[in-house]
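> heads up, no residue letters with this:
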């Protein structure tokens, strides 16, 4: 006689794309005899004193998007590195130290629209990167490592989101101007080269941070969607209003300078000791000609100087006639004009708010 056994239905497995907690790793020194120190911690606010166990929607989204630091044992894409196609111009250390956040006040309607759009995107940027930082001097003075909420993972997340978007405008603008030059059968007056150099530089920023941090699946989906939307919007807008687009990029670079300046100041305050132990990737040392013992502070200082230069270039381009009338003043130094009275590819004549058209020989 056959016995029938009741088969318990298999309970469906709920998909889980990302673990609820993340690890961050602090690598002390590759040359040390000691084993690498790996510290496990949660990137949410439960590790802070007095934090509640519940999570808001914003905290949950930020947690899913968080970038983690790469393990020392993880394979890196550092084989067969070719020399930079567009070598870095280099900056003086004393001039890099003087870089700080400066804002160009919008005057024209198109400038106000560009700035308003940038401020709206800044709110979204802060939300998705989990950015929480004191805004007043009094709050900053009270800040301690125990109350500091910007972990190394949050900074890496912020850097990667920023650089993945900042690399789009230069590439799109140079592509459109290249097609225009071919279509109209005339010179572009050197704008293409500067814009391509900007796009290349921004991509080097991104590749450097990708050697340090590893985005998860949610982050990759966000970047795919963001790039698709932003690239197409910038493409069509640039064909109609290139000056407004360059003004928008100028404001975008202002925010980039602010971000890296804030990070450097927090490192100086001793709020980010783990970042100081991050190893600077070889791709960064080759591109910026950094020494073998370069620290993350040195790397971020160079990247901030790059963003400041892009800020100057785009604010200047927004002041020019981009219909073929004016030349690119950053591409050629005029012998009859004093060096201090014209822009260049370095920081010696840096103007954060850009050069006005009547100041230039075009």
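Perfect, thanks for sending it. Quick caveat, the model's predicted, so the values are computed rather than measured. Numbers count the residues shown, from 1 in each chain.
> ok, the residue lying closest to residue 84 once chain neighbours are set aside to residue 83 distance?
Spatially, and ignoring its direct neighbours in sequence, residue 84 is nearest to residue 287 (5.3 Å; CB to CB, 6 or more residues apart in numbering). Using the backbone N, CA and C atoms, a C-beta is placed for each residue, glycine as well. Distance from residue 287 to residue 83, counting by CB to CB, to the nearest Å: 9 Å.
> compare these two (neighbour count), which wins?
Counted by other CB atoms under 10 Å, residue 287 and residue 83 do not tie: residue 287 has more neighbours, with 22 against 7.
> can you pull out the strands in the chain?
68-69, 213-214 (DSSP state E).
> so for residue 92, which of these sits nearest?
strand 213-214 (29.2 Å; CB to CB).
> any idea of the mean pLDDT in the closest one?
The pLDDT scores in strand 213-214 average 87.
> and residue 153, what pLDDT?
In this model, residue 153 carries a pLDDT of 88.
> quick one: contacts for the residue nearest to residue 84?
84, 88, 204, 208 (CB atoms under 8 Å, 6 or more residues apart in numbering).
> give me that answer again for 10 Å
81, 83-84, 86-88, 200-201, 204-205, 207-208, 281, 302 (CB atoms under 10 Å, 6 or more residues apart in numbering).
> how near is residue 98 to residue 326?
Residue 98 is 29 Å from residue 326, by CB to CB.
> who has more neighbours out of those two?
residue 326 (16 against 11).
> dump the residue contacts of the more buried one.
So residue 326 contacts 189, 191, 317, 319, 320, 357, 360, 362 (CB under 10 Å, 6+ apart).
> burial count for the spatially closest residue to residue 110 that is not a sequence neighbour?
In this structure, residue 110 finds its nearest non-sequential neighbour in residue 244, 4.2 Å apart by CB to CB, 6+ apart. Summarising burial for residue 244: neighbours were counted as other CB under 10 Å, giving 19.
> wait, residue 244 touches residue 237, no?
Yes - here residue 244 lies in contact with residue 237, judged by CB atoms under 10 Å, at a distance of 7.1 Å.
> shared neighbours of those two, anything?
residue 114.
> and stretch 329-345, end to end?
10 Å (CA to CA, to the nearest Å).
> next one: that stretch to chain centre, how far?
The chain centre lies 28 Å from the centre of stretch 329-345; the measure is CA atoms, centre = their mean, to the nearest Å.
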